[in-house]
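> quick one: sequence and predicted model below, then my questions.
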Amino acid sequence: MCCNQYTPGTDGLSERDLQPVSHLPFFKERIAGMQFFDPHVHMTSRTTDDYQAMADAGIVAIIEPAFWLGQPRTGVASFRDYYSSLIGWERFRASQFGIKHYCTIGLNSREANNEALAEEVMELLPSFIYKEGVVGVGEIGFDDQTAAEEKYYRLQLDLAKEAGLPVQIHTPHRDKKRGTTRSMDIAIEHGLNPYTVIVDHNNEETVQEVLDRGFWAAFTIYPFTKMGNERMVQIVKQYGIERIMINSAADWGISDPLAVPKTAALMKEYGISDEAIRTVTYQNAITAFGQSGQIDEKDFAAVKDIDQSQKFSGNTVLRGGQQPRVDKNSLIIR
Ligand SMILES: [Zn+2]
């Protein structure tokens, strides 16, 4: 259906025109000139190659939610250092590739189950959520839907409400429909305006209710476990673009930091308008998280004046003697 027009051998078309969008080297040409905002990506777990590829594909700004590191933290100092890195070193690292980096700060649902530690983290959170560039409390919500998860989810909703910050909700992989409904019920119970709450990791089963109740519906394009981007195209065709946004949630697992631009290319392939693509891959995230008062689009351009020899606390992204800006398209590695 999508790719039939690219029949090899068609007269008058270059080899390039004949490539379906699914052929990677050409996908960027289909979205040339477009700008993207990935509102959920864990760059701490990614490499400088990823940053370069994201910048090259048109990603101008990102949000990095605080999350689980893949294994449990054993002390509150690990949380403090992690939150500090999200507003410090990681933001600096992104800037070195011309990408504006924001974050959300919160106690993730999994580690809410270590109650002794969770208590200490709750005491720590107010000293981070008011910092510059923190655009929400997140990602918070349910994992196994335990009593402890609910307790710290509720406490953090109150914190967000008090700070006037948006909330970024992680919905569970298991029993997703019930967990999503419950997350929204509790948010409303705590007096949050659904328009300030971004419900993440939606699928075909949850989207209707999230939109009907006035929340933002975020979709994670993540290989094998969450959404594929062909399904995402169908969701936009069916539900439209209002309060819908797309992210990669790329992290330490098998994931794709280019999921947003790739999905944009696929949407274009399926005839979705540039304006609609811009809404779900850029504008809606800014409108939702911009309610923090922390997002200014002018900063996306300002961060482009990069100098990779800049330092952050005496450290740069360049290791001993490296020259700024390695040409990744060259076979030669100097
Ligand atoms: Zn995440």
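Right, received. Where do you want to start?
> got phi/psi on the residue in the stretch 1-150 of the chain that the ion sits nearest to?
Here the stretch 1-150 of the chain gets closest to the ion at one residue, Phe67, 4.6 Å apart by C-beta to the ion. Every C-beta, even on glycine, is put in place using the N, C-alpha and C of the backbone. Dihedral angles of Phe67 (phi, psi; degrees, to the nearest 10) stand at phi -150, psi -170.
> that one and Trp252 touch, don't they?
No. The pair Phe67 / Trp252 is not scored as a contact, 9.8 Å apart, by C-beta atoms under 8 Å.
> overlap in contacts, these two.
Counting by C-beta atoms under 8 Å, 6 or more residues apart in numbering, the common neighbours of Phe67 and Trp252 are His42.
> more neighbours: which of those two?
Phe67 (24 against 13; other C-beta atoms under 10 Å).
> what's the distance between that one and Gln168?
Distance, Phe67 to Gln168, using C-beta to C-beta, to the nearest Å: 10 Å.
> what do the two both touch?
In contact with both Phe67 and Gln168: Glu139, using C-beta under 8 Å, 6+ apart.
> centroid-nearest residue for this protein?
By C-alpha atoms, centre = their mean, the chain has its centre lying nearest to His40, at 1.3 Å.
> show me the contacts for it.
With C-beta under 8 Å, 6+ apart, His40 has these contacts: 63, 65, 139, 168, 200, 218, 220, 247-249.
> so for it, what's the pLDDT?
pLDDT, His40: 98.
> near the ion, which residues of this protein show up?
67, 249 (C-beta under 5 Å from the ion).
> excluding chain neighbours, what is closest to the residue nearest to the centre of the chain?
The shortest distance from His40 to any non-neighbouring residue, by C-beta to C-beta, 6 or more residues apart in numbering, is to Asn247 (3.6 Å).
> what sits against the one you found?
Counting by C-beta under 8 Å, 6+ apart, Asn247 has contacts 38-41, 200, 218-221, 259-260, 285.
> and if you look at Leu117?
73-76, 111.
> same thing but 7 Å
Listed by C-beta atoms under 7 Å, 6 or more residues apart in numbering, the contact set of Leu117 reads 76, 111.
> try the one 4 residues further on
When the contact criterion is C-beta under 7 Å, 6+ apart, the partners of Val121 are 76, 79, 107.
> most neighbours of all these, which one?
Busiest of those [other C-beta under 10 Å] is Leu107, holding 27 neighbours.
> mind checking how far Val76 is from Leu117?
From Val76 to Leu117 the distance is 6 Å (C-beta to C-beta).
> show the average pLDDT along the helix ranked longest in the chain.
Counting residues, the longest helix found in the chain (DSSP state H) is helix 147-163. The average pLDDT for helix 147-163 rounds to 98.
> show me what whichever helix or strand comes after that helix pairs with in its sheet, parallel or antiparallel.
Sequence-wise, the next helix or strand downstream of helix 147-163 (DSSP states H and E) is strand 167-170. Strand 167-170 has the following strand partners under DSSP bridges: strand 134-141 (parallel), strand 197-200 (parallel).
> dump the residue contacts of the residue nearest to Pro126 when sequence neighbours are not counted.
Distance criterion C-beta to C-beta, 6+ apart; nearest residue to Pro126, sequence neighbours excluded, is Leu159 at 7.1 Å. Listed by C-beta under 7 Å, 6+ apart, the contact set of Leu159 reads 125, 129, 137.
> tell me the pLDDT at Pro126?
pLDDT, Pro126: 98.
> nope, Pro324 is what I was after
For Pro324, pLDDT reads 70.
> let me know the secondary structure of Lys177.
Classification of Lys177 using DSSP: H, G, I helix; E, B strand; the rest coil returns helix.
> any chance you could map the strands in the stretch 1-150 of the chain?
Per DSSP state E, counting those that start in this stretch, the stretch 1-150 of the chain carries strands over the ranges 36-38, 59-65, 100-105, 134-141.
> for whichever residue of the stretch 151-300 of the chain sits closest to the ion, the count of nearby residues, please.
Proximity to the ion, evaluated over the stretch 151-300 of the chain using C-beta to the ion, is greatest for Ala249 at 4.6 Å. Neighbour count of Ala249, defined by other C-beta under 10 Å: 28.
> which residues touch the nearest residue to Arg46 once chain neighbours are set aside?
Once flanking residues are discounted, Arg46 sits nearest to Pro257: 5.9 Å by C-beta to C-beta, 6+ apart. Counting by C-beta under 7 Å, 6+ apart, Pro257 makes contact with 41, 46, 50, 53-54, 248, 250.
> picking that back up, can you mark which positions in the longest helix of the chain are buried?
149-150, 152-153, 155-157, 159-161, 163 (16 or more other C-beta atoms under 10 Å).
> measure stretch 180-196 end to end?
Start and end residues of stretch 180-196 are separated by 16 Å (C-alpha to C-alpha, to the nearest Å).
> quick one: mean pLDDT over it.
Here the average pLDDT along stretch 180-196 is 98.
> list the buried ones in it?
For stretch 180-196, by 16+ other C-beta under 10 Å, it's 180, 182-184, 186-188, 190, 192, 194, 196.
> now stretch 34-49
34-46.
> which of those lies closest to Gly271?
Met34 (15.8 Å; C-beta to C-beta).
> show me what contacts the closest one?
58, 264, 278.
> many thanks, we can stop here.
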